[in-house]
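Asker: Requesting a structural model of the entry that follows:
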Amino acid sequence: MMRTSVGIGSLLVIAVLAGCGGHHARAATSASTRQASRSLAGDCPVTLPRPWVPPPGVSQRALFGSDFAAGNGRLWVGGLWPSGVIVARPKLDGSVAMKFGWWRNVRGHLRITGRRLDAPAPPLRTDFPNYGFTGFQASGVYFPTAGCWQVTGKAGTATLTFVTMVVKQAI
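Answerer: The predicted model follows:
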């Protein structure tokens, strides 16, 4: 069974570790934060990000979040969180909003859908401007509830799916 609640202690560990400074503190924070994030993911089969390798002739900086990306050669998404766990403050309506950058190496308008895997929930909402048919596309994704979410982007004949655990940060 999926764990959907997060202990305050785990969130405090992440908050304290995120506030540490200095090179050695960042190295320790990185390992400790990854371990805490893995425990937050529980049974959620999160997609682990990796650095984006752009197509020939495209700058590494062309994809927002390129250091934490997933892709299949035709479609990429950037801005995934380390260890596949999003920890963010909820909006007034209770949803958790995230920005993701997409790169389309195929022609087509981006469409994004998503569903919660560990419990019933309304579908996610999206908001993004029209950036044309190829290349970079910014997107806003609104997760209506915390939990394990599968997100699918489609552009033309390309499809890319990733899974992320969404955790509401205490206010």
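Asker: All the strands of this protein, residue numbers only.
Answerer: 69-71, 75-78, 85-88, 96-104, 110-116, 125-127, 135-143, 147-155, 158-168 (DSSP state E).
Asker: want to throw these into CSV with distance to G57 and mean neighbour count?
Answerer: The way it works is simple: take the backbone N, C-alpha and C, and place the C-beta from them, glycine included. Shown next, in CSV, are the strands of the chain (distance: least, C-beta to C-beta, whole Å; neighbours: other C-beta atoms under 10 Å):
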stretch, distance to G57, mean neighbour count
strand 69-71, 17, 22
strand 75-78, 15, 25
strand 85-88, 32, 22
strand 96-104, 13, 21
strand 110-116, 21, 18
strand 125-127, 29, 15
strand 135-143, 11, 19
strand 147-155, 19, 21
strand 158-168, 19, 21
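Asker: With distance to S59 and mean pLDDT added, can I get those in a markdown table?
Answerer: Output for those, formatted as a markdown table (distance: least, C-beta to C-beta, whole Å; pLDDT from 0 to 100):
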| stretch | distance to S59 | mean pLDDT |
| --- | --- | --- |
| strand 69-71 | 14 | 96 |
| strand 75-78 | 13 | 96 |
| strand 85-88 | 26 | 94 |
| strand 96-104 | 11 | 96 |
| strand 110-116 | 20 | 97 |
| strand 125-127 | 26 | 96 |
| strand 135-143 | 10 | 96 |
| strand 147-155 | 20 | 98 |
| strand 158-168 | 20 | 97 |
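Asker: out of those strands, which comes closest to T47?
Answerer: Checking the strands of the chain against T47 by C-beta to C-beta gives strand 158-168 as the closest, at 3.9 Å.
Asker: Sheet partners, orientation included, of the closest one?
Answerer: strand 85-88 (parallel), strand 147-155 (antiparallel) (DSSP bridges).
Asker: Redo those as CSV? Include distance to M165.
Answerer: Shown next, in CSV, are the strands paired with strand 158-168 (distance: least, C-beta to C-beta, whole Å):
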stretch, distance to M165
strand 85-88, 5
strand 147-155, 5
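Asker: For P45, which of the strands of the chain is the nearest?
Answerer: Nearest of the strands of the chain (C-beta to C-beta): strand 158-168, 5.4 Å.
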